[in-house]
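Asks: Make a model of this:
(2 chains)
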Amino acid sequence: ELKVEQNPLFLSMQEGKNYTIYCNYSTTSDRLYWYRQDPGKSLESLFVLLSNGAVKQEGRLMASLDTKARLSTLHITAAVHDLSATYFCAVDIPPNTGNQFYFGTGTSLTVIP
Amino acid sequence: NAGVTQTPKFQVLKTGQSMTLQCAQDMNHNSMYWYRQDPGMGLRLIYYSASEGTTDKGEVPNGYNVSRLNKREFSLRLESAAPSQTSVYFCASSEQADTQYFGPGTRLTVL
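Replies: Alright, predicted model coming up:
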C-alpha cells in the first residue's frame, strides 16, 4: 500500500524562525510535488522536484528531494505571517506518468507574529 | 485564460439525490483528475483521465462515475448521494507528469 507521510501535521512557529517539513513516501519515484493551500481556497503549485538531489527555492521556501531515502523536505527560512497555510506533498504512480497522484495529509503551518 | 473552472461552487443534496459536477480547463492539458478533500485526510483521487476518451479509477471511486466529454471537460456524477460523500471536490488538470492545476472546488453537503 502506497503511503505518503508528512510531519509534523501541525506546526506553530514564530516569525523569523526556521523550520523544516518532512515528506516520506513508500514507493519508488523520481518526482515529488509540493503544493500550498490557504484556508477555504484551492491548491497552488509550489515546486516540482524532478530527480534525486533536486533543490528548488522560491523566496523563503526551499525544497529538496532524496529519492534513495524516499524523502523530501520543505525548509522555511525566517518565517513570515504570509506563509501561514497548509502544505502538501504528492507523488505520482506509476512514477513520472502523471497518472495517479497520491497526497500526504498536509502540514498546517501557523506563523505567529 | 481561466485555467480550471468548476461548477457549482456549493451544493446541498438530500440522500439519494443525484448530481453532476462540471469541470473545464483551457490549458490544452491531456490529463484531468477528480479529488475529494476531507479534514485530516489530504486529497484522495476519485477518478482520472490520462487523455480524451479514457478514464480510470483512483483510490476512492465507489459511488462515483465520470465522463471525459472532450479534451476540455471532465464531469463527476453522483448517482445516489450519501452523507459519506459530503466533502470538498477538486478538479485538476496537468500535462502528463508536470504539476497539476486545480479548480476552485465544490463544497458538497449531503443531508
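Asks: can you list the residues that contact stretch A:61-69?
Replies: By C-beta atoms under 8 Å, 6 or more residues apart in numbering or on different chains, the residues outside stretch A:61-69 that reach it are A:28-30, A:32, A:34, A:46-47, A:49, A:51-57, A:71-77, A:83. Where C-beta positions appear, they are placed from N, C-alpha and C, glycine not excepted.
Asks: again but with stretch B:22-30, I slipped
Replies: Contacting residues not belonging to stretch B:22-30 are listed as B:1-7, B:32, B:34, B:50-52, B:71-76, B:91, B:93-96, B:101, B:103 [C-beta under 8 Å, 6+ apart].
Asks: Swap in 7 Å and give it another go.
Replies: Contacts with stretch B:22-30, where a contact means C-beta atoms under 7 Å, 6 or more residues apart in numbering or on different chains, come from B:1-7, B:32, B:50-51, B:72-75, B:91, B:93-96, B:101, B:103.
Asks: next one: stretch B:77-88
Replies: Residues from elsewhere that reach stretch B:77-88, judged by C-beta under 7 Å, 6+ apart: B:13, B:15-20, B:36-38, B:63-65, B:105, B:107-110.
Asks: Equivalent analysis for stretch A:34-44, please.
Replies: So stretch A:34-44 is in contact with A:45-47, A:63, A:74, A:85-90, B:90, B:102-105, going by C-beta under 7 Å, 6+ apart.
Asks: ok, residue B:59 to chain A distance?
Replies: Taken as C-beta to the nearest C-beta, to the nearest Å, the spacing of residue B:59 relative to chain A amounts to 7 Å.
Asks: Regarding the residue nearest the centre of chain B, what is its secondary structure?
Replies: Nearest to the mean C-alpha position of chain B, by C-alpha atoms, centre = their mean, lies residue B:34 at 3.0 Å. Under DSSP: H, G, I helix; E, B strand; the rest coil, residue B:34 falls in the strand class.
Asks: Moving along the chain from the host helix or strand of residue A:44, name the first helix or strand you hit.
Replies: When secondary structure is defined by DSSP states H and E, residue A:44 falls within strand A:43-49. The first helix or strand that comes after strand A:43-49 along the chain, using DSSP H and E, is strand A:55-58.
Asks: quick one: is that following strand near chain B?
Replies: No. Judged by C-beta under 7 Å from any C-beta of the partner chain, strand A:55-58 makes no contact with chain B; its nearest approach is 11.7 Å.
Asks: Chain B: strands as residue ranges?
Replies: Listed in chain order, the strands of chain B (DSSP state E) span residues B:4-7, B:10-13, B:19-25, B:31-37, B:43-49, B:56-57, B:64-68, B:74-78, B:87-94, B:101-102, B:106-110.
Asks: can you list contacts of the fifth one?
Replies: Residues outside strand B:43-49 that contact it (C-beta under 7 Å, 6+ apart) are A:99-101, A:103, B:31-37, B:55-61, B:64, B:66, B:68, B:74, B:76, B:90.
Asks: ok, of the residues you listed, which come out buried?
Replies: Neighbour-count burial (16 or more other C-beta atoms under 10 Å in any protein chain shown) is assigned, among the contacts of strand B:43-49, to A:99-101, A:103, B:31-37, B:55, B:58-61, B:64, B:66, B:68, B:74, B:76, B:90.
Asks: Could I get the buried residue list for stretch B:8-16?
Replies: Neighbour counts using 16+ other C-beta under 10 Å place B:11, B:13 of stretch B:8-16 among the buried residues.
Asks: By mean pLDDT, flag the weakest helix or strand of chain A.
Replies: When the helices and strands of chain A are compared on mean pLDDT, DSSP states H and E, strand A:100-103 comes out lowest with a mean of 89.
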